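Chemist: need the 3D shape of this:
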Amino acid sequence: MADVLIIAGSKSDESIVKKTTTVLDDLKISYDIAYASAHRDPDRVKFIVTSSEAKVMIAIAGLAAALPGVVASHTDKPVIGVPVKVALDGLDALLSIMQMPKGVPVATVGIDNGQNAAHLAARILGISKQVNKVPKTYAEAGVDEALVSKGLETLGKYVRESFKQGEVMQDYGHYANTVKISDDLCLAMSTDGVGSKVLVAEMAGKYDTIGVDCVAMNVNDLICIGATPVGFVDYLASEEPLPVEIIDGIGKGLLSACVESEMPILGGETAILPDMIRGMNGPGLDLAGTAVGIAKPDELFDGSSIQAGDVILGVASNGIHSNGFTLARKVLFSKFSINDKLDWNVTLGDELLRPTRVYVKHFKDLKEAGVDIKGLAHITGSGFRKILRLGQFLFSIEELPEIPPVFELIKTTGDINWQEMFTTFNMGIGLVVVVPSSQVDQALSALSRNDKTYRLGVIEKSKKGVVEIKPYEVRIE
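Modeler: The predicted structure follows:
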């Protein structure tokens with residue numbers, strides 16, 4: 001969510017927009033930019049204004065300069081008008097903006113003075129930020145997992161009813177699902193998207209990793225039921241036709257992850273949805289995909305073979321991956337800007353855009369090594385709560401590797417407790433593997449060929465599913 005909306009009547013006003021954004025960048029204030037004419041596109045102006053969550057709006061216009069007044073008519077938020085010198089030395093625009101009727105105020109700065117508009121917006125925000133707290137939970141950031149769960153329960157009724165139409169191998173709610181299509185073959189499917197990480201890519205102007213995220217989020221779910229990925233399709237929706245360089249970056253990421261997963265891209269779908277998708281500082285987009293996998297019926301697993309004494313292993317993540325960004329963005333951008341250098345010598349943008357690890361090779365190496373995989377848990381949304389999908393056991397995590405600095409930064413910046421951190425983020429472990437105690441060394445050897453892998457703990461008997469993260473006194477039920 002941006003703090004300031006900048007709306008200009010024409011692309012010819014870009015030089016004034018630049019004056020404004022330069023100051024906002026220096027002040028580390030987030031913003032959206034939109035172009036729409038009050039006279040030619042009144043409906044678009046209304047949509048832009050009413051759908052914006054910005055706290056202050058800056059309207060830039062010349063000549064008759066109706067735009068600031070029209071913006072003010074659609075919102076109760078502060079509006080700052082910037083008159084542009086086009087004719088009559090800009091005096092016509094200045095007078096037009098100044099002479100608003102009572103009850104519909106527009107603050108007006110000097111002609112072409114986008115800088116002062118930004119400084120005034122900063123002063124207004126200085127007042128509002130005193131009462132706008134940085135969120136400490138995913139729910140405060142706008143994602144209430146309890147409400148999400150209720151929605152999934154409702155949808156689940158219809159999903160389970162559909163199971164009558166085929167021989168479905170898993171229950172609803174696991175990482176992926178399969179349908180048996182012959183005595184010796186099951187077809188598996190998973191679908192997922194990149195989520196609000198796309199907004200970070202837009203802010204950074206860097207799109208070459210989100211394609212990797214899109215593929216990884218899907219194939220990593222497929223392997224969690226024992227299926228080998230064999231094909232992928234993507235869905236790319238955007239506010240307007242995307243520039244070639246953005247498409248190229250996304251395509252490179254999709255290809256890279258599919259090559260790593262040893263599967264082809266079979267096609268996909270693109271959609272232009274200007275009335276549904278809106279960008280922050282550029283054309284808005286949403287990226288999602290679907291992966292297809294195959295497995296023999298006896299190759300599938302869902303955690304049902306887990307027993308007390310089995311060992312929990314953890315494979316390292318590559319950072320935040322593609323979950324928890326609604327909270328991470330609102331916390332980190334309350335203090336830092338996209339190009340700020342962090343203490344470990346990377347920019348915030350580069351840190352947040354690290355691509356999700358693809359764990360297909362890890363899965364294949366485990367199978368090749370003859371390891372009896374009791375269960376896999378891809379640590380994504382809901383963090384370590386995802387482990388509970390493996391069954392009614394006590395998952396006792398007795399030790400963890402050092403938590404990567406990005407998670408420490410989120411925690412300290414947002415003053416977030418450990419319970420919330422471990423139920424929102426992967427905390428440095430992207431994949432959890434449960435194996436028999438007799439095969440721990442064998443599994444560690446196979447997994448460590450690809451990434452750092454750690455022995456986390458053991459499985460204990462329990463009447464209900466519980467994850468205990470003992471070093472941090474976190475209990476997840």
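
Chemist: how far does the worst-scoring helix or strand of the chain on mean pLDDT sit from its chain's centre?
Modeler: Lowest mean confidence among the helices and strands of the chain (mean pLDDT, DSSP states H and E): helix 138-141, at a mean of 78. The chain centre lies 14 Å from the centre of helix 138-141; the measure is Cα atoms, centre = their mean, to the nearest Å.

Chemist: can I get it in PDB, CA atoms only?
Modeler: C-alpha atoms of helix 138-141 as PDB (Å, rounded to 0.1, in the frame of the first residue of the first chain):
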ATOM      1  CA  TYR A 138      -0.500 -11.100   9.700                       C
ATOM      2  CA  ALA A 139      -4.100 -10.200  10.600                       C
ATOM      3  CA  GLU A 140      -3.300  -6.600  11.400                       C
ATOM      4  CA  ALA A 141      -1.500  -6.400   8.000                       C
END
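
Chemist: and it, what does it pack onto?
Modeler: helix 145-162, helix 325-332 (3 or more Cβ pairs under 8 Å, 6 or more residues apart in numbering; DSSP states H and E). C-betas here are computed from N, CA, C, even on glycine.

Chemist: dump the longest one to PDB, keeping only the CA atoms.
Modeler: What follows is helix 145-162, C-alpha atoms only, in PDB (Å, rounded to 0.1, in the frame of the first residue of the first chain):
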ATOM      1  CA  GLU A 145      -5.900 -16.600   8.600                       C
ATOM      2  CA  ALA A 146      -9.000 -17.500  10.600                       C
ATOM      3  CA  LEU A 147     -11.300 -16.000   8.000                       C
ATOM      4  CA  VAL A 148      -9.300 -17.600   5.200                       C
ATOM      5  CA  SER A 149      -9.800 -21.000   6.900                       C
ATOM      6  CA  LYS A 150     -13.500 -20.400   7.200                       C
ATOM      7  CA  GLY A 151     -13.700 -19.700   3.500                       C
ATOM      8  CA  LEU A 152     -11.700 -22.900   2.700                       C
ATOM      9  CA  GLU A 153     -14.000 -24.900   4.900                       C
ATOM     10  CA  THR A 154     -17.000 -23.700   2.800                       C
ATOM     11  CA  LEU A 155     -15.300 -24.400  -0.500                       C
ATOM     12  CA  GLY A 156     -14.200 -27.800   0.800                       C
ATOM     13  CA  LYS A 157     -17.700 -29.100   0.900                       C
ATOM     14  CA  TYR A 158     -18.000 -28.700  -2.800                       C
ATOM     15  CA  VAL A 159     -14.500 -30.000  -3.500                       C
ATOM     16  CA  ARG A 160     -15.100 -33.200  -1.500                       C
ATOM     17  CA  GLU A 161     -18.500 -33.700  -3.200                       C
ATOM     18  CA  SER A 162     -16.700 -33.700  -6.500                       C
END
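
Chemist: got the contact list for it?
Modeler: 138-139, 171-173, 382, 423 (Cβ atoms under 8 Å, 6 or more residues apart in numbering).

Chemist: show me the two of those that sit farthest apart.
Modeler: 139 and 171 (26.9 Å; Cβ to Cβ).

Chemist: before we move on, back to that, report the buried members of the contacts of helix 145-162.
Modeler: 138, 172, 382, 423 (16 or more other Cβ atoms under 10 Å).

Chemist: relative to residue 172, how far out is the third one?
Modeler: This points to residue 382. As judged by Cβ to Cβ, to the nearest Å, residue 382 and residue 172 stand 16 Å apart.

Chemist: can I assume residue 200 is in contact with residue 353?
Modeler: Yes: using Cβ atoms under 8 Å, residue 200 makes contact with residue 353 at a distance of 6.0 Å.

Chemist: spatially nearest residue to residue 337 (excluding sequence neighbours)?
Modeler: Leaving aside its sequence neighbours, residue 337 sits nearest to residue 28 (Cβ to Cβ, 6 or more residues apart in numbering; 4.4 Å).

Chemist: residues near residue 401, how many?
Modeler: 14 (other Cβ atoms under 10 Å).

Chemist: the closest residue to it other than its chain neighbours in helix, strand or coil?
Modeler: Distances taken as Cβ to Cβ, 6+ apart place residue 454 nearest to residue 401, at 5.2 Å, with adjacent residues excluded. Secondary structure for residue 454, judged by DSSP: H, G, I helix; E, B strand; the rest coil, is strand.

Chemist: identify the residues contacting residue 454.
Modeler: 313-314, 316, 399-401, 429.

Chemist: and those, which two are furthest apart?
Modeler: Within these, two members stand farthest from each other by Cβ to Cβ: 316 and 399, at 14.2 Å.

Chemist: now the residue of the chain most remote from its centre: how far from residue 111?
Modeler: Distance from the centre of the chain peaks at residue 88, with 47.8 Å (Cα atoms, centre = their mean). From residue 88 across to residue 111, the span is 10 Å (Cβ to Cβ).
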